[in-house]
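Asks: fold the following, please.
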Amino acid sequence: MSRARVAAALAIVSMPSVAAAAEVTVTVNPDGGADYTSLQEAIDLTSPDDQVTIQIAPGVYPPAAIARSGPIAITSQNSLDDTFLRGIRVTDAGADVVVIQVQITDEGASVERGSLALEDLRISNPGSTGAPAVRVGPGATSILDTVLIEGWRDAEAPVQLGPGATADFDMVGIFNCEGSRAGAIWSRGADANFATLFTADTQAGSGAGSVNIEGGSAIFTDSSIEGASGTRGGGIRIAGDANVAATDIAFADNEAPEGGHVRLESGTLSMVRSTAIGGDAQYGGVFWQGGGSADIRNAAWDDNHALQAGAAIYQQEGGLEVAFSTFTRMASAQGTSAHNGPAAATYNGVIIADTQGPALAVSPQSTVSYREGLIWAVDAAEAIEGTPTYDPNEVFAPPRFADADAGDYALTAISAGLDLGVDDELDPDGTAADAGMYGGGTAWALPDRDGDGFVHGRDCVDVNADIHEGAVDVFYDGIDANCDYESDYDQDGDGFDATLYAGGDCDDTNAAIYPDAVESGGDAIDVDCDGFDYPDSDADGWPADLDCDDGAADVAPDAEDDWYDGIDSDCAGNDDFDQDGDGYAAAAYGGRDCDDTDAHRHPMYPDYAGDGIDQDCDGRDAVAEDAPEDEVTKLSPAPEPESALAPAAMGSEPEVASGTVSSGCSVTAASGSGAFGLLGLVSLVGLIGRRRE
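Replies: The predicted structure is shown next:
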């Protein structure tokens, strides 16, 4: 509360029915030279009918008690750094007290009855009495405006609000404090309004780590609870049928056995636009519900954990509605959201992504409905356990966040969660409601920096009005003008960039032509962009029409062919067991070629006598026979030229001659009549004579 607000409040409260109260200012200095040397004297001796301002000089002042009615403002003459008040207590129902710019220590500030406002001050250095930093009694009123409470311990809670009390906190920080009932604030049946409340590093021995609301009502706006540890709720505990509403509230690194950030035992909770990170619990890393009813909208919960169940939500009893929320990077053995017991829950427009453990775990006793939301990247045997009501055709789709790695969960123009029209609502930009944290009328408004009518996410470059969802995209200029996150060098959308732009698509105007396409062959179209009309299934660089085995990459016309392995590796079409190509397979592999490296050695090759080589592979070299001089060898008709040396591959082996040719001059008949032999001899002699002539 500003000084002007304080003065206005004092003027209204102290205004008499007939005439305005007199404004009186007095000074206090223990060293003299002022109206009073004692603060208590200044309080007691001024008139309740006046609007009194007491200015105190720098120094340390004993605790002050205000047991009279009337408006009193106590303020330092310098600053709170050198002005200390060891406590203040207001006990009169008609008192209206304001303390400005001092440091309250030891016994803290207490208002049993009446009203106490604290502005621009610090409360620290508690004494040994166990008194709270701020105590507001039943029916009393307290206002804290720009107040820091730090290091306060040993009380049931640093701030205690009694039944029927009214508390209005604006810009209040409670740091490094402890209490048995609450680490920061314990409200029992009070009506409290917390605007811009910050608590950090607080803990409770048997209660809520930060704020314990038991009965009454509480409103939180623009507040943050961080580093709280409790036994009954880490951040906020709600019990005693309290009514709690929170808007724009942030939780970070809080822990408790049940409800790392929030624990609802009974009563009602309405929470709009909340962020939660780093919650740890056995059950309910963010939210634990054992009764009552809760309505949660536009929740952005990331990286929370529950050892047993419910990294985001664990519900035993009560009613729960969750809408337009995003749960990411949750880890729990039994579900991001777990429901066990006679509970009812609805999830509308909720995105659950990148979780360890199931997205939903629902017991048979619970009734859960999940609709118009997305579930994606779930590391579990089943994404959903139990039998909630949901449509799997709508649920399982990628959310397409703008930049999840950077914590940017705005939906892009290609997201399946965009414009679902959840609950027939509209987003802040006027489009149909999206799923997730930015959906619905109560969502955070996304920026439109370039004024093109498209907000961040739908506008992937929000500083250029020509780039947004639905814009005309000119290919090959390197700009994703329509924000479809597709390559600007893939005009036909087949997933391959054009070859002219370092891609592999040889025809970027035809989506049926790309490197992985199936080549049919014979249609004069190189469908798979490998340079051939026929497929090259083994990718050895030879199409099927030239490759004798297109299923083996080591078989191709230019491959090395290893002999005797039974494979025609170079597609030559020859016998793999006939290395010398003489038509006979090697003897070592079932053939009859005794030397498969020499084409002049095979079963039908003439064997030359006396050269030491077995040319015809009969196992020996031919031996020359000596004939008598008067013996004439009878010649048989000459064999056909082809049959004498014909290989087995040309048909049957050559026929055996009817006679034997020797090196002698005589001819011995092997068959036929003597007359035929004589005529043959005469004819041969005549032929020889003619040749000599």
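
Asks: quick check: end-to-end length of stretch 365-376?
Replies: In terms of C-alpha to C-alpha, to the nearest Å, the two terminal residues of stretch 365-376 are separated by 26 Å.

Asks: may I see the buried residues of stretch 46-54?
Replies: Neighbour-count burial for stretch 46-54 flags T46, D50, Q51, V52, T53, I54 (criterion: 16 or more other C-beta atoms under 10 Å). No exception for glycine: its C-beta is placed from N, CA and C like everyone else's.

Asks: kindly report the same for stretch 592-599.
Replies: Burial within stretch 592-599, assessed by neighbour count using 16+ other C-beta under 10 Å, is assigned to D593, C594, D595, D596, A599.

Asks: just stretch 383-393 next, same as before
Replies: Residues of stretch 383-393 classed as buried: A383, I384, E385, G386, P388, Y390 (neighbour count, 16+ other C-beta under 10 Å).

Asks: need the max-distance pair from the buried residues of stretch 592-599.
Replies: Distance extremes for these: the farthest pair is C594 and A599 at 12.5 Å, using C-beta to C-beta.

Asks: low pLDDT regions in this structure?
Replies: When residues are selected by pLDDT under 70, those of the chain lie in 1-20, 533, 537, 544-547, 550, 624-693.

Asks: residue closest to the middle of it?
Replies: Centroid-nearest residue in the chain, with C-alpha atoms, centre = their mean: D354, separated by 4.7 Å.

Asks: in what helix or strand does that one lie?
Replies: When elements are defined using DSSP states H and E, D354 is found to belong to strand 343-356.

Asks: buried sites along that strand?
Replies: By neighbour count, and taking 16+ other C-beta under 10 Å as the criterion, the buried residues in strand 343-356 are 343-355.

Asks: between those residues, which sits nearest M330?
Replies: Taking C-beta to C-beta as the measure, M330 lies nearest T355 of these, at 4.7 Å.

Asks: ok, back up a step: now render the buried residues of stretch 592-599 as a markdown table, adding secondary structure and distance to A73.
Replies: Written out in a markdown table, the entries for those read as follows (DSSP: H, G, I helix; E, B strand; the rest coil; distance: C-beta to C-beta, whole Å):
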| residue | secondary structure | distance to A73 |
| --- | --- | --- |
| D593 | strand | 123 |
| C594 | coil | 126 |
| D595 | coil | 124 |
| D596 | coil | 119 |
| A599 | coil | 123 |
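
Asks: of these, just say which sits nearest to V518.
Replies: Lowest distance from V518 to the buried residues of stretch 592-599 (C-beta to C-beta) belongs to D596, with 42.9 Å.

Asks: out of the buried residues of stretch 383-393, which is nearest to D528?
Replies: For D528, the nearest member of the buried residues of stretch 383-393 is A383. The distance, counting by C-beta to C-beta, is 36.4 Å.

Asks: ok, that closest one to L374 distance?
Replies: With distances taken as C-beta to C-beta, to the nearest Å, A383 is found 11 Å from L374.

Asks: what do these two both touch?
Replies: With contacts defined as C-beta atoms under 8 Å, 6 or more residues apart in numbering, the residues adjacent to both A383 and L374 are F396.

Asks: isn't D575 right up against A586?
Replies: No: here D575 does not reach A586: they are 9.5 Å apart, not a contact under C-beta atoms under 8 Å.

Asks: ok, those two, which is more surrounded?
Replies: In this comparison of D575 against A586, neighbours counted by other C-beta atoms under 10 Å, the higher total goes to A586 at 20 against 17.

Asks: residue contacts, the more buried one?
Replies: Neighbouring residues of A586 by C-beta under 8 Å, 6+ apart: Y564, F577, D578, Q579, D593, D596.

Asks: try I104
Replies: Taking C-beta under 8 Å, 6+ apart as the definition of contact, the neighbours of I104 are F84, L85, R86, G87, I88, L118, L121, R122, I123, S124, A133.

Asks: which helix or strand contains the first one?
Replies: I take that to be F84. According to DSSP H and E, F84 maps onto strand 83-85.

Asks: in that strand, which residues are buried?
Replies: Along strand 83-85, the positions that meet the burial threshold by neighbour count (16+ other C-beta under 10 Å) are T83, F84, L85.

Asks: who does it pair up with?
Replies: strand 59-61 (parallel), strand 103-106 (parallel) (DSSP bridges).

Asks: which one of the ones you listed is the most hemmed in?
Replies: strand 103-106 (a mean of 21; mean count of other C-beta atoms under 10 Å).

Asks: where do the helices sit along this structure?
Replies: Secondary structure of the chain, counting by DSSP state H: helices at 3-13, 39-45, 392-395, 641-645, 674-692.

Asks: so what's the backbone phi/psi at the residue lying closest to R113 once chain neighbours are set aside?
Replies: Leaving aside its sequence neighbours, R113 sits nearest to A93 (C-beta to C-beta, 6 or more residues apart in numbering; 4.2 Å). The main-chain torsion angles of A93 are listed as degrees, to the nearest 10 and equal phi -60, psi -20.

Asks: what's the answer for P163, then?
Replies: phi -60, psi 130.

Asks: identify the residue nearest it in space, chain neighbours excluded?
Replies: G189 (3.5 Å).

Asks: show me what contacts that neighbour?
Replies: Neighbour list for G189: G162, P163, G164, A165, E214, G215, G216, G240 [criterion: C-beta under 8 Å, 6+ apart].

Asks: swap the cut-off to 7 Å and go again
Replies: P163, G164, G215, G216 (C-beta atoms under 7 Å, 6 or more residues apart in numbering).

Asks: correct me, but the last one touches A242?
Replies: Just to be clear, that refers to G216. Yes: in this structure, G216 sits in contact with A242. The criterion is C-beta atoms under 7 Å, and the distance is 5.8 Å.

Asks: so which residues of the stretch 301-450 of the chain form strands?
Replies: Counting by DSSP state E, counting those that start in this stretch, the stretch 301-450 of the chain forms strands over residues 305-309, 313-315, 318-328, 331-334, 337-339, 343-356, 360-362, 367-371, 374-379, 384-385, 401-403, 408-411, given from the N-terminal end onward.

Asks: most packed of those?
Replies: Using mean count of other C-beta under 10 Å, the stretch among the strands of the stretch 301-450 of the chain with the largest mean neighbour count is strand 313-315, at a mean of 32.

Asks: list the helices and strands that strand packs on?
Replies: Helices and strands in packing contact with strand 313-315 are listed as strand 287-289, strand 337-339; criterion 3 or more C-beta pairs under 7 Å, 6 or more residues apart in numbering; DSSP states H and E.
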